[in-house]
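Enquirer: Structure, please.
(2 chains)
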Amino acid sequence: MTCPDYHRRIGSGFIERRVLPVLLLLVVAGLPGANPARAEEDVAESFVTQAYIEMRTQPGRGYPVFYVAERGERIELLKRRTDWIKVRNARGIEGWVHVDDIGRTVDAHGDALALSSPNYEGYTERDWEFGVLVGDYGDTDAFGGYLGWHFTRNLSLELAATENFGDASDGTMGTLSITHQLYPTARYSPFLTLGGGVRETRPRSTLVESQDRTDNVASVGLGVRVHLFQRMFLRLQYKHYSVMTDRDDDEEVDEWKIGISAWY
Amino acid sequence: MENWYQRLVLAGLLGMPLVAQAGEGPPRQVVNPDIERRELRQVDIDTEDFEVSVYSGILSIQDFESDVVYGVRAAWHITEDFFVEGSYGQSEGDETSYEKLSGGSPLFAGGERDYTFYNLSLGWNALPGEIFITDRYAFKSDLYFVLGAGSTDFLDDNWFTVTAGAGYRLLLTDWLAWRLDVRDHIFDRDTFGEDETTHNLELSTALTVFF
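Expert: Numbering: from 1, shown residues only, chains lettered A, B, ... in the order given. You can find the predicted model right below:
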């Protein structure tokens, strides 16, 4: 009577202990950032120097504090999600601590850890920015995205893609611009921009003469960035485009856009 | 007299180290400042702020029935409250009621009915929460709202599309989540002669990975 049960237990145990871990490993190994072996290597440790730090059940300010690590306690830093760091103490208790609290802990040499939530100083010294913009391109709906790289505090290179939707034609445009912000540390920071690129114009399918065309464009513009909080800022811009068509006259187009950007 | 003598000796004593120091180079530090220099140590920590999803569901295309939709999404969690997300998806419009009832030849060719779209949205984790399954397990959850803009390619034309919706994300582990999304793709279409605003509701479920 016990035999089939025994075998079944052996069988299921085999699957659980041998097959499942291997399958899981194969799945997990293929996922970037989810590899537990790699996470172990990256483990940084730190010691609590303030009176205590609060560990929460989940990464968020509203989640309950379920454990308090005391002064002198050693904690391992496992991973970060936005402003929260997952930590594990010597007894294996895991929880999420705010990054600013971790920034006040020290390593084995007594040095403070360079960890903090993104702040205004970081914003003024950003290397990258990325944003989504919507607005109006020559009286048609337009939307697009851009990626900017700051090679000095004042100057950045911006790669932008815009799509616009008109009654007579649609268009897609890619431009590369150099942007100069006059006062990089100002909360309301004006900028000037100059660029060029390519525009593809596609007449609507309802029109008879439907020949796509590709033209070069040059642009000049100005705008303002307004820092909102942490990594986020608002961007307002006006650009004037000259579309160099095959016809006698170039097309002159005004564009207004507003968007949300984030820096890194 | 005595005063004058003392002054001379003092001047000599004070002057001597100055002369000696000038010859030796840098001045000796007499007082140790009581401030330790704080070194900041860079920490290489695994940051998991990006989320990629593969999703599928149903898209109801106004006048063109409902069909299966599938696509991919990628999000960057900028703060614990906000994320930006790009989506790409595709579906296909079926026959309109008119085409079915009239029994005549179809108004649109097969390829024209392909419905592909992409959009960029801003998401707000409005209602973060925690789900408890038995007294042993707790999972993080978020109810979020998204608002975005994008392009829809349908009936051989591109349409400026506003996307609005809400979703629910349940984190099964720190890096794996399950999502439910409801989104309305709103665009003005003039295919049938005059401009009309169409609402195209998308109901989808997704498996997402944070990295």
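
Enquirer: what's the neighbour count on A:Gly138?
Expert: Using other CB atoms under 10 Å in any protein chain shown, the number of residues around A:Gly138 comes to 15. Yep, even glycine has a C-beta here, placed from its N, CA and C like the rest.

Enquirer: Ok, A:Ile53 next?
Expert: Residues within reach of A:Ile53, counting by other CB under 10 Å, total 24.

Enquirer: That one is in what secondary structure piece?
Expert: strand A:52-56 (DSSP states H and E).

Enquirer: A:Glu121 too?
Expert: Mapping A:Glu121 onto the secondary structure by DSSP H and E places it in helix A:120-124.

Enquirer: Is that helix positioned near chain B?
Expert: No: under the criterion of CB under 8 Å from any CB of the partner chain, chain B is not reached by helix A:120-124; the shortest gap measures 12.2 Å.

Enquirer: tell me which residues in that helix are buried?
Expert: Applying a neighbour-count criterion of 16 or more other CB atoms under 10 Å in any protein chain shown, one finds A:123-124 buried in helix A:120-124.

Enquirer: show me where chain B has helices.
Expert: Read by DSSP state H, chain B holds these helices, from start to end of the chain: B:2-24, B:97-102.

Enquirer: Confidence-wise, which of those helices is weakest overall?
Expert: Between the helices of chain B, the lowest average pLDDT goes to helix B:2-24, which shows a mean of 57.

Enquirer: In chain A, where is pLDDT below threshold?
Expert: Residues of chain A that meet the criterion pLDDT under 70 lie in A:1-43, A:207-210.

Enquirer: what do you get for chain B?
Expert: Within chain B, the ranges that satisfy pLDDT under 70 run B:1-27, B:29, B:32-39.

Enquirer: can we see that at 80?
Expert: Along chain B, segments meeting pLDDT under 80 span B:1-44.

Enquirer: Tell me the residue of it that sits nearest chain A?
Expert: Ranked by CB to the nearest CB, the top residue of chain B for proximity to chain A is B:Phe211, at 3.4 Å.

Enquirer: can you list the residues of the stretch 51-200 of chain A near chain B?
Expert: By CB under 8 Å from any CB, the residues of the stretch 51-200 of chain A that approach chain B are A:57-63, A:77-86, A:107, A:109, A:111-115, A:130, A:132, A:134, A:141-143, A:145, A:163-165, A:167, A:170.

Enquirer: run the last query once more with 7 Å
Expert: For the stretch 51-200 of chain A, the contact set with chain B under CB under 7 Å from any CB of the partner chain comprises A:57-60, A:62-63, A:77, A:79-86, A:107, A:111-115, A:132, A:134, A:141, A:143, A:145, A:163, A:165, A:170.

Enquirer: Span of stretch A:45-54 from start to end?
Expert: Using CA to CA, to the nearest Å, the end-to-end distance of stretch A:45-54 comes out at 17 Å.

Enquirer: chain center to stretch A:52-69: distance?
Expert: In this view, stretch A:52-69 has its centroid 25 Å away from the chain centroid, taken as CA atoms, centre = their mean, to the nearest Å.

Enquirer: what comes into contact with it?
Expert: Counting by CB atoms under 7 Å, 6 or more residues apart in numbering or on different chains, the neighbours of stretch A:52-69 from elsewhere in the structure are A:48, A:70-71, A:75, A:81-82, A:84, A:87, A:89, A:93, A:95-97, A:101, B:80, B:128, B:130, B:138, B:140.

Enquirer: cool, stretch A:191-211 as well?
Expert: A:168-182, A:212-223, A:225, A:243, B:156-157.

Enquirer: Next: stretch B:191-201.
Expert: B:59-62, B:155, B:184-189.

Enquirer: same question, stretch B:74-86
Expert: Contacts of stretch B:74-86 from elsewhere in the structure, counted by CB under 7 Å, 6+ apart, are A:59-60, A:82-84, A:132, A:230-232, A:262, B:49-52, B:73, B:118, B:120-125, B:146.

Enquirer: List the buried residues in it.
Expert: For stretch B:74-86, burial by neighbour count (16+ other CB under 10 Å) applies to B:75-86.

Enquirer: follow-up on the earlier one: now do the helix holding A:Glu121: distance to the chain's middle.
Expert: Taking CA atoms, centre = their mean, one finds the center of helix A:120-124 at 16 Å from the center of the full chain.

Enquirer: Dump the following helix or strand past it to CSV, restricted to CA.
Expert: Proceeding N to C from helix A:120-124, the next assigned helix or strand is strand A:128-137, under DSSP H and E. Coordinates of the C-alpha atoms in strand A:128-137 are reproduced here as CSV (Å, rounded to 0.1, in the frame of the first residue of the first chain):
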residue,chain,number,x,y,z
TRP,A,128,20.7,62.5,-20.6
GLU,A,129,17.2,63.6,-21.0
PHE,A,130,14.2,62.0,-22.7
GLY,A,131,10.7,63.3,-23.3
VAL,A,132,7.4,62.9,-25.0
LEU,A,133,5.9,66.0,-26.7
VAL,A,134,2.5,66.8,-28.2
GLY,A,135,1.4,69.9,-30.0
ASP,A,136,0.8,71.6,-33.3
TYR,A,137,2.8,71.4,-36.5
